[in-house]
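# here's a sequence, model it:
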Amino acid sequence: MRVTATKLRQNVYAILDEVLEKGIPVEVERKGRILKIVPERKKDIWERLAALPEVVVGDPKDLESLEVKWLDHWREPQNLADLERISRTRKARETRKRKPR
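Take a look at the predicted model:
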């Protein structure tokens, strides 16, 4: 539907309600140009997902042949050793602080 700015001003609430109810955009003519009043369309769940280029797209069976050397990337033993070292250092500092001089 196309209306003039004057008609929009006279019936602004009725026109806006119609756009919301029917979902049909309204074109407003003003100074030789067209403006549109369009109801916001909510994105569905698939449109809201962020793009993940590192995700494999394809047949899951193709992943069976994929060889991943996860032990090369697994750092849990190193992380545990680092935590143990930090814990020993803190205990040693606390022990030194407690001793009267």
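# give me the longest helix you can find in this protein.
Of all the elements of type helix in the chain, the one with the most residues (DSSP state H) is helix 76-98.
# hey, C-alpha coordinates of the helix or strand bottoming out on mean pLDDT in the chain in PDB?
Evaluated with mean pLDDT, DSSP states H and E, the helix-and-strand set of the chain has its lowest mean pLDDT in helix 45-48, which scores a mean of 83. Extracted in PDB, the C-alpha atoms of helix 45-48 (Å, rounded to 0.1, in the frame of the first residue of the first chain):
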ATOM      1  CA  ILE A  45      17.200 -20.000  15.000                       C
ATOM      2  CA  TRP A  46      19.300 -21.000  11.900                       C
ATOM      3  CA  GLU A  47      19.800 -17.400  10.900                       C
ATOM      4  CA  ARG A  48      21.000 -16.400  14.300                       C
END
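# buried set for it?
Neighbour-count burial for helix 45-48, counted by 16 or more other C-beta atoms under 10 Å, picks out no residue. C-beta here means a position set from N, CA and C on the backbone, and glycine is covered the same way.
# how far is it from where the chain is centred?
Centroid separation for helix 45-48 versus its chain: 10 Å, with C-alpha atoms, centre = their mean, to the nearest Å.
# elements contacting it?
For helix 45-48, not one helix or strand is in contact under the criterion 3 or more C-beta pairs under 8 Å, 6 or more residues apart in numbering; DSSP states H and E.
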